[in-house]
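**Student:** build me a model:
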Amino acid sequence: MKKSNRELERIVKGFANHRRLQILELLGKEPELSVQEVSDKLKSEFKNISAHMNKMAISGLLMKRSEGNIVRHKLTNRGKSILQFVRIIE
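**Tutor:** Now for the predicted structure:
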């Protein structure tokens, strides 16, 4: 089913940020990372990375999976498609 323009806007906002693009790239190479691991690898504050990853999850770009008290993140099919799209336009 075709997405409404509002739904498409939400998806685009999910990756329309340089830090979110870095997170997409990182999770494309290394799936199943925690927020702390992403924060460490990108040398950015945990709180900021957590907020970015939450927006990305709401946009349907990331999937969360609990592993004990750690939450792992990986790209959804939409997230993988967006990563391919971004590579095409760069």
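
**Student:** pretty sure residue 78 contacts residue 60?
**Tutor:** Yes. With contact defined as CB atoms under 8 Å, residue 78 counts as touching residue 60 (4.9 Å). All C-beta atoms are positioned from the backbone trio N, CA, C, and that covers glycine.

**Student:** what touches both of the two?
**Tutor:** residue 11 (CB atoms under 8 Å, 6 or more residues apart in numbering).

**Student:** run the chain-centre distance for the helix or strand bottoming out on mean pLDDT in the chain.
**Tutor:** When the helices and strands of the chain are compared on mean pLDDT, DSSP states H and E, helix 5-13 comes out lowest with a mean of 90. Mean-position distance between helix 5-13 and its chain equals 15 Å (CA atoms, centre = their mean, to the nearest Å).

**Student:** residues contacting the helix or strand that that helix is followed by, please?
**Tutor:** Using DSSP states H and E, the helix or strand that follows helix 5-13 towards the C-terminus is helix 18-29. By CB under 8 Å, 6+ apart, the list of residues contacting helix 18-29 from outside reads 14-15, 33, 38, 41-42, 44, 48-49, 52-53, 55-56, 61-62, 73-75, 79-80, 82-83, 86.

**Student:** which ones are touching residue 58?
**Tutor:** Neighbours of residue 58 in contact, by CB under 8 Å, 6+ apart: 10, 14.
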